[in-house]
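Visitor: Have a look at this prediction, sequence included:
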Amino acid sequence: MQLELDLRAKLLAFPLLRQAAEVRQVARRLDAIHGVEAGAYWRSVVEDLDRRLSSFGLAREQIDIELWAFFDAVQTELLRQCDGGSPQKGLTR
């Protein structure tokens, strides 16, 4: 009996929540639009990120974790922008 090992690892070298430029860009855009337009924009961002992460071969569970972390990062950035640039206590990572 021969044992075969699959030593390939799926590694996300730079998680979405740490992609500061993209987080800031999405937060700025969401801050500038409202209502249906904001909802449509957010859905397009999530669909794009989902496709990107899927192409890396990540499992559905890991993709969902990454998307929620990105959502949290965008929300934190929106709060930071509203607060004049300084993170609110308790919202930093």
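Guide: Received it, and whenever you're ready, just let me know what you need. Predicted model only: the values in this text are computed from it and were never measured. Numbers count the residues shown, from 1 in each chain.
Visitor: Return the distance of the residue nearest to the spatial centre of the chain relative to Gly84.
Guide: In the chain, the centroid-proximal residue (CA atoms, centre = their mean) is Phe70; its distance is 2.4 Å. Using CB to CB, to the nearest Å, Phe70 is found at 23 Å from Gly84. C-beta here means a position set from N, CA and C on the backbone, and glycine is covered the same way.
Visitor: got it, and Asp72?
Guide: Distance from Asp72 to Gly84, by CB to CB: 21 Å.
Visitor: more crowded one of these two?
Guide: Using other CB atoms under 10 Å as the criterion, Asp72 and Gly84 rank with Asp72 on top: 14 against 6.
Visitor: can you pull the contacts of the more buried one?
Guide: For Asp72, the contact set (CB atoms under 8 Å, 6 or more residues apart in numbering) comprises Leu17.
Visitor: Does it belong to a helix, a strand or coil?
Guide: helix (DSSP: H, G, I helix; E, B strand; the rest coil).
Visitor: in stretch 55-66, what's buried?
Guide: Residues Leu58, Ile63, Ile65, Glu66 are the ones in stretch 55-66 that count as buried (16 or more other CB atoms under 10 Å).
Visitor: With secondary structure and distance to Gln25 as added columns, please give the residues you listed in CSV.
Guide: What follows is the buried residues of stretch 55-66, written out as CSV (DSSP: H, G, I helix; E, B strand; the rest coil; distance: CB to CB, whole Å):
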residue, secondary structure, distance to Gln25
Leu58, coil, 22
Ile63, helix, 21
Ile65, helix, 22
Glu66, helix, 17
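Visitor: could you dump those residues to JSON lines with pLDDT and distance to Gln19?
Guide: JSON lines is the format used below for the buried residues of stretch 55-66 (pLDDT from 0 to 100; distance: CB to CB, whole Å):
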{"residue": "Leu58", "pLDDT": "88", "distance to Gln19": "15"}
{"residue": "Ile63", "pLDDT": "94", "distance to Gln19": "15"}
{"residue": "Ile65", "pLDDT": "95", "distance to Gln19": "15"}
{"residue": "Glu66", "pLDDT": "94", "distance to Gln19": "10"}
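Visitor: Tabulate those (JSON lines), appending distance to Arg51.
Guide: Shown next, in JSON lines, are these (distance: CB to CB, whole Å):
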{"residue": "Leu58", "distance to Arg51": "11"}
{"residue": "Ile63", "distance to Arg51": "10"}
{"residue": "Ile65", "distance to Arg51": "16"}
{"residue": "Glu66", "distance to Arg51": "12"}
